[in-house]
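1. curious how this folds, go ahead:
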Amino acid sequence: MKLILHCAVIFLACAITIFTGPETAADAKPIPGCASNTECPQGRRISRHVQGQPEPRSESSNPDSDDDSSDLNPELDGCSTDPCKNNGTCVEGADNYTCSCNDGFRGRNCEEAACPEEGWFFFNGSCYYLSDVTLDWLSAVAACNETGAYLTEIQSQSELDFLITITDEYDFFWIGLNDRKNEGEFVWHKSGDPLSFISPEYYFGAYRPSSDCVVAFESYYINAYSSRVYYHRWLDSDCDLQYLYICEKEPMFES
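-> Residues are numbered from 1 along each chain as shown. Purely as a prediction, here's the structure:
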């Protein structure tokens, strides 16, 4: 009986081999992600992502997709990015923005300054600089010339009021007015124009024969109500004395 059972098993094995054939390593289907089963045996498969290969592109990453945010125009963000420099005001448009620039600045984003040098102030089409050292009048003229400027020529009350804002109380500063050529005939040094506008409070008294150069300052007095009343004063002073000075020059671009 055992012999008959053993023969039946052998017969069944031979029949399976005839119909299917033995599977060799060469005939086996490769494992996905591997060059061969010998290089990447079952159970040790490495994904594309780990191997440094890109993952299959999904439908949402289609380069032709209309949802690609990288094609957005950054200018469509408008004022949300705060593009205006130097305290400019951003004005939102339909698909863009504009910057309303403060006096003394211009450009797409108010990035261009009329007075780019440090310490210079813009007012009404000119740049002004108050020195931090004292010089005699002629040396002050030369110092301003070295920067492409000149001792300031004050032509209006508003200009005088502005200059006082960049000085301190009792700061004496040279201006371009003088009567060095003809005593009593005051002209501006750079333009040669005669005096037209004068300070509301002025005194052209000659302290010495060389008092041919005008210095300006702000002062005050106490009125009947015990309040300070400020005023501007110009003095015909000794040109050899040393005071601060204010230079003036044209801006880098037309105002």
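
2. can you map out the strands along this structure?
-> In the chain, the segments counted as strands under DSSP state E are 89-92, 97-100, 105-106, 112-113, 120-123, 126-130, 150-151, 173-178, 187-188, 201-203, 213-222, 228-237, 244-249.

3. who wins for proximity to Pro194 among the ones you listed?
-> Judged by CB to CB, the one of the strands of the chain that comes nearest to Pro194 is strand 187-188, at 5.4 Å. C-betas here are computed from N, CA, C, even on glycine.

4. need the contact partners of the closest one.
-> In this structure, residues lying in contact with strand 187-188 by CB atoms under 8 Å, 6 or more residues apart in numbering are 153, 176-179, 181, 193-195.

5. for stretch 160-169, the averaged confidence score.
-> If you average the pLDDT over stretch 160-169, you get 89.

6. same thing with stretch 101-117?
-> Along stretch 101-117, the predicted local confidence has a mean pLDDT of 76.

7. what's the domain layout of the protein?
-> Per automatic domain parsing, the structural domains of the chain span 74-112, 115-249.

8. let me see the contact set for the nearest residue in space to Cys90 that is not next to it in sequence.
-> In space, Cys90 comes closest to Cys79 once its chain neighbours are excluded; the distance is 3.8 Å by CB to CB, 6 or more residues apart in numbering. The contact partners of Cys79, taken as CB under 8 Å, 6+ apart, are 90-92, 97.

9. hmm, 10 Å instead?
-> When the contact criterion is CB atoms under 10 Å, 6 or more residues apart in numbering, the partners of Cys79 are 89-93, 97-99.

10. just the buried residues from those, in ChimeraX please.
-> Selection of the buried residues among these in ChimeraX, burial being defined by 16 or more other CB atoms under 10 Å:
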select :90,97,98,99
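
11. for Ala114, state which of the contacts of Cys79 is nearest.
-> Of all the contacts of Cys79, Cys99 has the smallest distance to Ala114: 15.4 Å, by CB to CB.

12. quick check: the closest residue to the closest one other than its chain neighbours vs Glu111, distance?
-> Spatial nearest neighbour of Cys99, excluding adjacent residues (CB to CB, 6+ apart): Cys84 at 3.9 Å. Cys84 sits 9 Å away from Glu111, taking CB to CB, to the nearest Å as the criterion.

13. between the two, who's got more neighbours?
-> Neighbour count, other CB atoms under 10 Å: between Cys84 and Glu111, Cys84 has more, with 23 against 15.

14. correct me, but that one touches Cys101?
-> Yes - with the criterion set as CB atoms under 10 Å, Cys84 and Cys101 qualify as a contacting pair; they are 7.6 Å apart.

15. OK, contacts around Phe217?
-> Residues counted as contacts of Phe217 (CB under 10 Å, 6+ apart) are 164, 167-173, 199, 232-235, 243-244.

16. and the closest residue to Ile164 other than its chain neighbours, what does it touch?
-> On the basis of CB to CB, 6+ apart, the spatially nearest residue to Ile164 that is not a chain neighbour turns out to be Glu218, at 5.0 Å. With contact set as CB under 10 Å, 6+ apart, Glu218 has these partners: 160-161, 163-165, 167-173, 199, 201, 230-233.
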